[in-house]
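Trainee: only geometry, no sequence info:
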C-alpha cells in the first residue's frame, strides 16, 4: 500500500478529477467563508487539485489566489481552468509557498492524508506564512481514527478535534469555529493570533 499521498494522487488523478468535478460538496461553505475575508485578501490553497469546486468557490473579485498541488496531472488541469492563478506543482511538505505571506490559507482534504508529525509540522509552517490575524481553513474529522482514502487508497489519520485544537493553539492560532458542510465534512476555521 502506498503511503505517499503525492504519488497516490498522481496515480489516481484522472479518477479523482472525474469524481471531484461532479461534486459541489464544500463549495457553498468555502464561498461563504471567503466572503468573510477582508477586501484584497491574499489566499493560498494547498492541495488544490484541478480547482473544482473549491478554487472556483474562492474566486471572488476581492481575493487574490495562489495554489499548490503535488500531482502534475491535476496541476495541468488547474492551469487550463484558472490560467490567471499562480500554481506550483510540489508537495506542501517541501514548499516555500511562493516565498511570501498570506491573509488566508485553505486546505480542503489534505491534512489527514499526512502522518501525524507532518500534520503538526504543516500547521506550524502555515502559521509562519500567515500575517497576524490571518485565517486558516482546513478539513479534518473531529473524531480520532484511521481509514483508507476513497480516492487513492492510502491510509489517512485524523488526530481528532482536541489534538487539532491543541496543535493550532501551540502554533499561535485560536479556533474561531468548527463548521460542517453538506457532505458532513468538518472544517476548522482558525485565526493566527496577533
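Mentor: Yep, it's here. Only a predicted model underlies this, so the values are computations on that prediction, with no experimental measurement involved. Numbering: from 1, shown residues only.
Trainee: From here on, just use CA atoms for contacts and neighbour counts.
Mentor: Noted.
Trainee: List the buried residues for the longest helix seen in the chain?
Mentor: Looking across the chain with DSSP state H, the single longest helix is helix 116-129. Neighbour counts using 16 or more other CA atoms under 10 Å place 119, 120, 122, 123, 124, 125, 126, 127, 128, 129 of helix 116-129 among the buried residues.
Trainee: Tabulate those (JSON lines), appending distance to residue 94 and pLDDT.
Mentor: As requested, the buried residues of helix 116-129 are exported to JSON lines (distance: CA to CA, whole Å; pLDDT from 0 to 100):
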{"residue": "119", "distance to residue 94": "13", "pLDDT": "98"}
{"residue": "120", "distance to residue 94": "14", "pLDDT": "98"}
{"residue": "122", "distance to residue 94": "10", "pLDDT": "98"}
{"residue": "123", "distance to residue 94": "14", "pLDDT": "98"}
{"residue": "124", "distance to residue 94": "14", "pLDDT": "98"}
{"residue": "125", "distance to residue 94": "11", "pLDDT": "98"}
{"residue": "126", "distance to residue 94": "12", "pLDDT": "98"}
{"residue": "127", "distance to residue 94": "16", "pLDDT": "98"}
{"residue": "128", "distance to residue 94": "14", "pLDDT": "98"}
{"residue": "129", "distance to residue 94": "14", "pLDDT": "98"}
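Trainee: Quick one: name whatever helix or strand follows the longest helix of the chain.
Mentor: strand 130-139 (DSSP states H and E).
Trainee: what inclination does that next one have with respect to helix 116-129?
Mentor: On the basis of axes from the mean of the first three to the mean of the last three CA atoms, to 10 degrees, strand 130-139 is oriented at 140 degrees to helix 116-129.
Trainee: before we move on, the earlier item: same list (the buried residues of helix 116-129) but as TSV, adding distance to residue 91.
Mentor: What follows is those, written out as TSV (distance: CA to CA, whole Å):
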residue	distance to residue 91
119	13
120	15
122	11
123	15
124	16
125	13
126	14
127	18
128	17
129	16
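Trainee: quick check, nearest of those residues to residue 163?
Mentor: residue 120 (9.6 Å; CA to CA).
Trainee: do you know how far that closest one is from residue 26?
Mentor: Look at residue 120 and residue 26: by CA to CA, to the nearest Å, they are 24 Å apart.
Trainee: Tell me the one among the buried residues of helix 116-129 nearest to residue 146.
Mentor: residue 119 (14.0 Å).
Trainee: How about the contacts made by the closest one?
Mentor: The contact partners of residue 119, by CA atoms under 8 Å, 6 or more residues apart in numbering, come to 111, 112.
Trainee: Surely residue 40 touches residue 59?
Mentor: No: at 11.7 Å, residue 40 does not count as touching residue 59 under the criterion of CA atoms under 8 Å.
Trainee: nearest to residue 179, of the buried residues of helix 116-129?
Mentor: Distances from residue 179 to those, taken by CA to CA, are shortest for residue 123, at 18.4 Å.
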